[in-house]
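Visitor: here are the coordinates; sequence isn't available:
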């Protein structure tokens with residue numbers, strides 16, 4: 001399977017750094033990072049990137065204040081892109097309001113193989129729906 005182009009949107013450097021290393025160094029990584037952003041505002045400053053992400057990993061802490069507005073901006077910049085929301089256990093109840101906007105909710109502590117499987121399956125499901 002070809003590598004999936006992904007974008008990561010988080011303002012936590014540790015989380016961004018961990019995913020960057022994971023996706024670039026792990027031998028079974030299904031992903032190639034083509035976008036890194038710290039906020040929805042910084043997405044437009046990443047317009048120099050040649051490849052569009054097929055999937056976005058978004059940290060819930062950026063979303064929780066105004067969910068509908070946040071995802072309207074994301075859909076404006078990246079329509080028809082699969083969105084996976086990274087949610088810490090303490091925010092799971094609040095994250096339910098994002099269910100209409102995302103394909104899946106993930107824990108930042110998810111096992112690596114499970115994370116890779118969710119990414120692959122999300123893209124496959126998205127391609128099946130589009131056809």
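Guide: Ah, there it is. Predicted, not measured: the structure shown is a model, and the values here were computed from it.

Visitor: Going along the chain, name the strands of this protein.
Guide: 4-9, 31-37, 55-59, 82-86, 104-106 (DSSP state E).

Visitor: Output those as a markdown table; include the columns distance to residue 120, mean pLDDT and mean neighbour count.
Guide: Yep, even glycine has a C-beta here, placed from its N, CA and C like the rest. A markdown table is the format used below for the strands of the chain (distance: least, Cβ to Cβ, whole Å; pLDDT from 0 to 100; neighbours: other Cβ atoms under 10 Å):
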| stretch | distance to residue 120 | mean pLDDT | mean neighbour count |
| --- | --- | --- | --- |
| strand 4-9 | 7 | 94 | 23 |
| strand 31-37 | 9 | 91 | 19 |
| strand 55-59 | 10 | 95 | 23 |
| strand 82-86 | 11 | 96 | 22 |
| strand 104-106 | 12 | 93 | 17 |
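
Visitor: TSV for these, including distance to residue 93?
Guide: Below are the strands of the chain laid out as TSV (distance: least, Cβ to Cβ, whole Å):
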stretch	distance to residue 93
strand 4-9	22
strand 31-37	26
strand 55-59	17
strand 82-86	14
strand 104-106	11
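
Visitor: between those, which gets nearest to residue 66?
Guide: Between residue 66 and the strands of the chain, the shortest gap by Cβ to Cβ is with strand 55-59, which sits at 13.8 Å.

Visitor: Now do the closest one: which elements does it pack against?
Guide: strand 4-9, strand 82-86, helix 112-130 (3 or more Cβ pairs under 8 Å, 6 or more residues apart in numbering; DSSP states H and E).

Visitor: neighbouring strands for the shortest one, and are they parallel or not?
Guide: What that stands for is strand 82-86. strand 55-59 (parallel), strand 104-106 (parallel) (DSSP bridges).

Visitor: Please name whichever of these is nearest to residue 69.
Guide: With respect to residue 69, and counting by Cβ to Cβ, the nearest of those is strand 55-59 at 13.7 Å.

Visitor: Can you list the neighbours in contact with that closest one?
Guide: Contact partners of strand 55-59, identified using Cβ atoms under 8 Å, 6 or more residues apart in numbering, comprise 4-12, 15, 19, 31, 35, 74, 78, 81-86, 102, 106, 119, 122-123.
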